[in-house]
Every structure is written in structure tokens, then in C-alpha cells.
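# Test case, fold it:
(4 chains)
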There are 2 protein chains.
Amino acid sequence: MNIGQAARNSGVSAKMIRYYERIGLIPEARRTANGYRVYADADIHTLKFIRRARDLGFSIEQIDQLVQLWQNQQRASAEVKQIALQHVSALDHKIEQLRTIRETLSHLAQHCQGNARPDCPILEDLARGG
Amino acid sequence: MNIGQAARNSGVSAKMIRYYERIGLIPEARRTANGYRVYADADIHTLKFIRRARDLGFSIEQIDQLVQLWQNQQRASAEVKQIALQHVSALDHKIEQLRTIRETLSHLAQHCQGNARPDCPILEDLARGG
DNA sequence: GCTATTCCTTACTACGATAGTAATGTCAAG
DNA sequence: CTTGACATTACTATCGTAGTAAGGAATAGC
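Numbering: from 1, shown residues only, chains lettered A, B, ... in the order given. Next up is the predicted model:
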């Protein structure tokens, strides 16, 4: 299977497959005589795994750990759970930050007339520095 | 006032002040004979404004608009409100995405024993592709 | 006057993840 | 034999911030 097919089958672009190979997230692919990379079903499986993990917002570094745990039959689920919970915690933190910002802005916007006059609490807040 | 003092007074690093100047967010600073940038209190005011807007997650492009509106006495508050509400909407979208991911992950983690055995719904989900 | 320290300057590099480009090579079908 | 689809590498861009290096300039102490 060439890289293009692998890309279509896995949902990871050819570009990103090469990138993942370069940074060592996936091993170097076997090559045909003309230098084309060759992929087997097992590789597609791994790529799908990576793709899914990316969709869930895991960083490349975390995915690296998860892939290794995934391919290690002796792994302990505790390690995986820890990575997942770490990520959940990070997400909670980020969501809370965004929510705070959102509330501040929404509050300011509510008090802005939004008409043709220049009075605007949003700009006043930005200028005052909250 | 030199750039270092301006940085300390405004909370924007000297690095970023130069960067903002280079991309045109702020005008080119007046220079002393030896080439040092010179800042006045009004510039600090603007930098603080920018800093606050960055803290609220506005993009440079949005801040560019806000600064102009801020410095324009004839501006209409409606324009400002629109930018703010756009940003609120974008935040809502982003927060919702993160929340979905967070729920999925949390759910998976809850069903993971987290012990020394290899059974792990998190990895199974990643491999299946959700 | 010499030196040390601190500040300023520019220019370049890095980050993380992805996408785009260009130049070139190769395979398969018509 | 040409065309088109696909592959290769290498370079560039994104966004906002931080880091570095190499050098000029101000200031303070000796």
C-alpha cells in the first residue's frame, strides 16, 4: 500500500504520515525499489489510532506514550488512565479559562448599547485594564 | 521612556512591543539619536489596552480593529459590540468542542479499571476509532 | 581611562501541528 | 510517447511568544 492509499484509509494526510515518521512517532516505513513508502494494514491501524487520539486533543508527546502502551501487551491500564485523566484535568483548566474570558466579554457586551454613539464599556474596560 | 521601561509599565515585553511595531499594530516609535525607541504615557496606555485585549483572547487582527475604534472618537459602539460578540461566539464554539472531548475522555477513564491489568477501554476506543 | 553591568539594537531560531509550494521522479493507461 | 496521477524531498507559512547571538551605548565604580 502506498502512502496515498494509507492516507485515505487512515484519515491521516500523507503529509502528516511523513511528518510523524520524521519525528519518530511511527517507525520508518519500508521502501520499494523506487523509494515509495509501503504500508500494511497494521500500520493503518496505528495511524487510525493516532488520528483518533489527535481528534481527542492529545499532544504528540502523549500520543507517543499511548501508542507504546497500546502496543505493549504487558502494559498496565493504570498508566493509560493516568494520561487520560491528566488530559481531562488540562481540558478542565482550559475550559475554565475560556469560560471566564467569555463571561467577562459577554458581560461587557451586554452593557454596550451597540448603537451609533461612541460610549462603549468594552473599550473602557480594555483601556482601564479590567 | 525607553523600551524596557515601557515594557515594565505596560506589561508587554520589549520583544512584543518591537513585534507589534513590526507588524503595524502600533506605529513606529520615535527614536533618540542613538536609535533607541522612545515612548510616552499615551503609548503605555495603548500597550496596556493591547495587553488587556490579548488577555481576553482577542486575535491581533481583532485588536487592530479595536485599537482603531478606541482611538476614533467618532466610532460607533455597535462595531465594538459586534467584534466582542463574534469573539464570544467563537469562544462558545471552542468551549463546546473541548467539553465534548472532555466528556468522552472522562467517560472512558471512568470505565478503565486503572489497575495493573492491561484491559483498558481508553485504548480500545482509540483503536476502534470512537 | 578601564571595566563591569545593564540596556538597547537587529537578525535569526524555536515552538506545535498542519498545510502549501516547488522541483523532480515514477508508474500505468491510452 | 504523452498524459496524469502519484511519489519523493526540501523549503516556506501559519500564530504569538520566547530565546539566542553579536554588537553598540549608557552608566557606575575603581
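# Pull the contacting residues for the most centrally placed residue in chain A.
The structure's chain A has its C-alpha centroid closest to A:G57; by C-alpha atoms, centre = their mean the separation is 3.2 Å. Applying C-beta atoms under 8 Å, 6 or more residues apart in numbering or on different chains to A:G57 gives the contacts A:87, A:91, B:98, B:101. Yep, even glycine has a C-beta here, placed from its N, CA and C like the rest.
# Of the residues you listed, which pair is most distant in space?
Using C-beta to C-beta, the two most remote members of the contacts of A:G57 are A:H87 and B:L98, lying 10.9 Å apart.
# neighbour count winner among these two?
A:H87 (22 against 18; other C-beta atoms under 10 Å in any protein chain shown).
# quick one, the host helix or strand of the more buried one and helix B:77-110 angle?
Using DSSP states H and E, A:H87 sits within helix A:77-110. Helix A:77-110 runs at 160 degrees relative to helix B:77-110, counting by axes from the mean of the first three to the mean of the last three C-alpha atoms, to 10 degrees.
# can you list the contacts of A:G57 in a markdown table and add pLDDT?
Compiled in a markdown table, the contacts of A:G57 are given as follows (pLDDT from 0 to 100):
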| residue | pLDDT |
| --- | --- |
| A:H87 | 90 |
| A:L91 | 90 |
| B:L98 | 90 |
| B:I101 | 89 |
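# Out of those residues, which is nearest to DNA strand D?
Using C-beta to the nearest atom of the strand, B:L98 comes nearest to DNA strand D of the contacts of A:G57, at 18.3 Å.
# Any stretches of chain A with poor pLDDT?
Segments of chain A classed as low confidence (criterion: pLDDT under 70) are A:129-130.
# Tell me who's in contact with the residue lying farthest from the centre of it.
Computed with C-alpha atoms, centre = their mean, the residue of chain A farthest from its C-alpha average is A:R117, at 43.1 Å. Residues near A:R117 by C-beta under 8 Å, 6+ apart: B:76-77.
# Assumed it was part of a strand.
No: according to DSSP: H, G, I helix; E, B strand; the rest coil, A:R117 belongs to no strand; its state is coil.
# Next, work out how far apart it and B:Q71 are.
17 Å (C-beta to C-beta, to the nearest Å).
# Tell me the residues of chain A that contact DNA strand D?
With C-beta under 7 Å from any atom of the strand as the criterion, chain A comes near DNA strand D at residues A:2-5, A:7, A:14, A:18, A:35-37.
# go again using 6 Å as the cut-off
A:2-5, A:14, A:18, A:35-37 (C-beta under 6 Å from any atom of the strand).
# which SSE is whichever residue of chain A sits closest to DNA strand D in?
Ranked by C-beta to the nearest atom of the strand, the top residue of chain A for proximity to DNA strand D is A:G4, at 2.4 Å. Using DSSP H and E, A:G4 maps to helix A:3-10.
# List the buried residues in that helix.
For helix A:3-10, the neighbour count (16 or more other C-beta atoms under 10 Å in any protein chain shown) marks A:3, A:6-7, A:9-10 as buried.
# Same question for stretch A:13-28.
Of the residues in stretch A:13-28, those buried (16+ other C-beta under 10 Å) are A:16-17, A:20, A:25-26.
# Could you do stretch A:57-76 as well?
A:57-58, A:62-64, A:66-67, A:69-70, A:75-76.
# wait, which of the residues you listed is closest to B:I50?
Distances from B:I50 to the buried residues of stretch A:57-76, taken by C-beta to C-beta, are shortest for A:G57, at 29.0 Å.
# Using the three-state scheme, assign the closest one.
A:G57 is classified as coil under three-state DSSP.
# which ones are touching the spatially closest residue to A:A84 that is not a sequence neighbour?
Computed as C-beta to C-beta, 6 or more residues apart in numbering or on different chains, the closest residue to A:A84 that is not its neighbour in sequence is B:A109, at 4.5 Å. When contacts are counted by C-beta under 8 Å, 6+ apart, B:A109 touches A:81, A:84-85, A:88, B:122.
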